[in-house]
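*Asks:* Predicted structure and sequence below. I'll ask about it afterward.
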Amino acid sequence: MSSAEQGVGEILIPEADVRTRVAELGAEISADYAGRDLLLVGVLKGAVFFMADLMRTLSVPCEIDFMAISSYGAATDSSGVVRILKDLDINIAGRNVLVVEDIIDSGLTLSYLMRSLRARKPAALEVCALLTKPERREIEVPVRYVGFEIPNRFVIGYGLDFAERYRNLPYIGVLHPDLVPGATR
Ligand code: 5GP
Ligand code: MG
Ligand code: MG
């Protein structure tokens, strides 16, 4: 076991399954956007790993940009009140924007983000999330592309962190139960 793996309780989605699903999503997105160009908007930091792999499976011309946001409120639950820490560099008016997220939990963060992006008048605005926890949803946000639906457990790896660690794991794991008390995002 490598030191990066010491906090992993179990592997939920093995590396090969992640890779297969990312390629499927890439094929679907490439077909849907054929003849158009795409601007991928990644939400830092968790989406970086997924976005880099997804982009390499796309056959349409694409650019990338990033936003960093922080949500106020209790440590483990997002409040829906979101502060933009880093905004986009690119003007998205008239662009085909695909927001790339690591995981949708309550949906509050994404809902706020979508409102902010919609106001900038993109030609198209859709979401691609690697993971979703439907049980936890508090607000409906239309997510066009979903990698995997997962149960209500705190996951790490493939970009997802616990206290900024474990992002480098190549699979999606469940945080070891010993570490869960006081788990924050
Ligand atoms: P939401 O606003 O949808 O409740 O919060 C979404 C954000 O919470 C995600 O982008 C992610 O940063 C964090 N989050 C939600 N569930 C998990 C999880 O199981 N593991 C990790 N590492 N972060 C999570
Ligand atoms: Mg995220
Ligand atoms: Mg986090």
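*Replies:* Everything's here; your move. Numbering: from 1, shown residues only. Ligands and ions are numbered 1, 2, ... in the order given.
*Asks:* can we go C-alpha only for contacts and neighbour counts from here?
*Replies:* OK.
*Asks:* Next one, pLDDT for Leu39 please.
*Replies:* You'll see Leu39 listed with a pLDDT of 98.
*Asks:* Would you confirm that it contacts Val97?
*Replies:* Yes - using C-alpha atoms under 8 Å, Leu39 is in contact with Val97, at 4.8 Å.
*Asks:* Those two: which has the busier surroundings?
*Replies:* Val97 (24 against 19; other C-alpha atoms under 10 Å).
*Asks:* residues contacting that one?
*Replies:* Counting by C-alpha atoms under 8 Å, 6 or more residues apart in numbering, Val97 touches 38-41, 122-126.
*Asks:* Quick one: mark the members of the residues you listed that sit in strands.
*Replies:* 38-41, 124-126 (DSSP state E).
*Asks:* Name only those of these that count as buried.
*Replies:* Among these, those classed as buried by 16 or more other C-alpha atoms under 10 Å are 38-41, 125.
*Asks:* Just give me the closest of the residues you listed to ligand 1.
*Replies:* Closest approach to ligand 1 among these (C-alpha to the nearest ligand atom): Val41, at 13.3 Å.
*Asks:* Distance of that closest one relative to Phe66?
*Replies:* 5 Å (C-alpha to C-alpha, to the nearest Å).
*Asks:* For this protein, give me the ranges with low pLDDT.
*Replies:* 3-4, 72-80, 181-185 (pLDDT under 70).
*Asks:* thinking again about what came up before, export the buried ones among the ones in strands among the contacts of Val97 to a markdown table and tack on distance to ligand 1?
*Replies:* Below are these laid out as a markdown table (distance: C-alpha to the nearest ligand atom, whole Å):
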| residue | distance to ligand 1 |
| --- | --- |
| Leu38 | 22 |
| Leu39 | 19 |
| Leu40 | 16 |
| Val41 | 13 |
| Leu125 | 18 |
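*Asks:* Identify the single longest helix in this structure, thanks.
*Replies:* The residue-count maximum for a helix in the chain (DSSP state H) belongs to helix 15-32.
*Asks:* from the middle of its chain, how far away would that helix be?
*Replies:* 14 Å (C-alpha atoms, centre = their mean, to the nearest Å).
*Asks:* That one - contacts with which helices or strands?
*Replies:* helix 47-55, strand 145-149 (3 or more C-alpha pairs under 8 Å, 6 or more residues apart in numbering; DSSP states H and E).
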